[in-house]
Every structure is written in structure tokens, then in C-alpha cells.
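**Student:** My questions concern the predicted model and sequence given below.
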Amino acid sequence: MTPGVRLELPQTDLRMPPVATAVAVLTVQNEGMLLFDGGVYQVDTIANAFQERVARKKEDDLVLLLKAGERLPIASLLDISAMAQEAGFSQVHLAAKRPESKNDGLEPNETETVNDYNFLTP
């Protein structure tokens, strides 16, 4: 018996259409560096930035788009999602980069576009 819950995601080339909801983007870089709202943060310092962003919003709903590579630990993903919810974000969307090769995924790609990401929403 394997611990945990098995989750099977469908394979598709379809992309989610854009929505009219306001989106704030958090990009997770190597070594846990977080790029958000023009600043550089760590997981333990991002909560204040989330709260400041939500406090100055003029939108009804604010969504956090979390752009992450394949090496983001699930614990960090859950911590970031919890902090975003506590700050007042209405949803957290995950955009995960599809690996192109068997390299370690740590090399930057200068031609990266939004089409290189798979968008997962609840």
C-alpha cells in the first residue's frame, strides 16, 4: 500500500483562456528565490509582500499566479499557498514549466513564454 493520494492529470495541448480577474505573478527561481511585485524574497519573507499587494489592490478578486520550475518542493508550494490565502488572495493558480530535456532545469531560458507553462486551476 502506497501512502498518499494518487492523482492522475489528463494530458492535453489545450490552454486555459485568459480571465478578467486581476493576477499577481510570483516566480520561483533557483535556491528558493521568489520574484514578486518588483522585489526579491525568500519563502519566510514573502508573506508581508503578499499582504501589502492585497492591501493596495483595487480589484474585487486577486489571483496569485505561481510560476514554478520542476524543483519546487511541495512543502514550499503549500506554505506559499497558505500565505497567499491568509493575505487575502482569492485563488492560487499554478503554472509549471514542462521540462524540455533531461538537464537539471536550472539553466535559464531566454525565449521562455507563457506558452511554455501548463496552467492548473481548481
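**Tutor:** That came through fine. Numbering: from 1, shown residues only.
**Student:** Who are the packing partners of the longest helix seen in the chain?
**Tutor:** When the chain is parsed with DSSP state H, its longest helix is helix 74-87. Judged by 3 or more Cβ pairs under 8 Å, 6 or more residues apart in numbering; DSSP states H and E, the packing partners of helix 74-87 are helix 46-55, strand 62-68, strand 91-97. Where you see a C-beta, it was placed from the backbone N, CA and C, and this is true even at glycine.
**Student:** If you average pLDDT over each of those, which is lowest?
**Tutor:** For the helices and strands packed on helix 74-87, mean pLDDT drops lowest on strand 91-97, to a mean of 83.
**Student:** which strands and helices sit next to that one?
**Tutor:** Checked by 3+ Cβ pairs under 8 Å, 6+ apart, strand 91-97 has strand 62-68, helix 74-87, strand 117-120 packed alongside it.
**Student:** Return the most buried member of the ones you listed.
**Tutor:** strand 62-68 (a mean of 21; mean count of other Cβ atoms under 10 Å).
**Student:** CA-only coordinates of it in CSV, if you can.
**Tutor:** C-alpha atoms of strand 62-68 as CSV (Å, rounded to 0.1, in the frame of the first residue of the first chain):
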residue,chain,number,x,y,z
LEU,A,62,-7.0,39.0,-6.8
VAL,A,63,-5.4,35.8,-8.0
LEU,A,64,-1.8,34.7,-7.4
LEU,A,65,-0.2,33.0,-10.4
LEU,A,66,2.7,30.9,-9.1
LYS,A,67,5.2,30.2,-11.9
ALA,A,68,7.4,27.4,-10.7
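**Student:** Can you name the residues in contact with that strand?
**Tutor:** 19, 21-28, 50, 53-54, 77, 80-81, 84, 88-97, 117 (Cβ atoms under 8 Å, 6 or more residues apart in numbering).
**Student:** Perfect, I'm done here.
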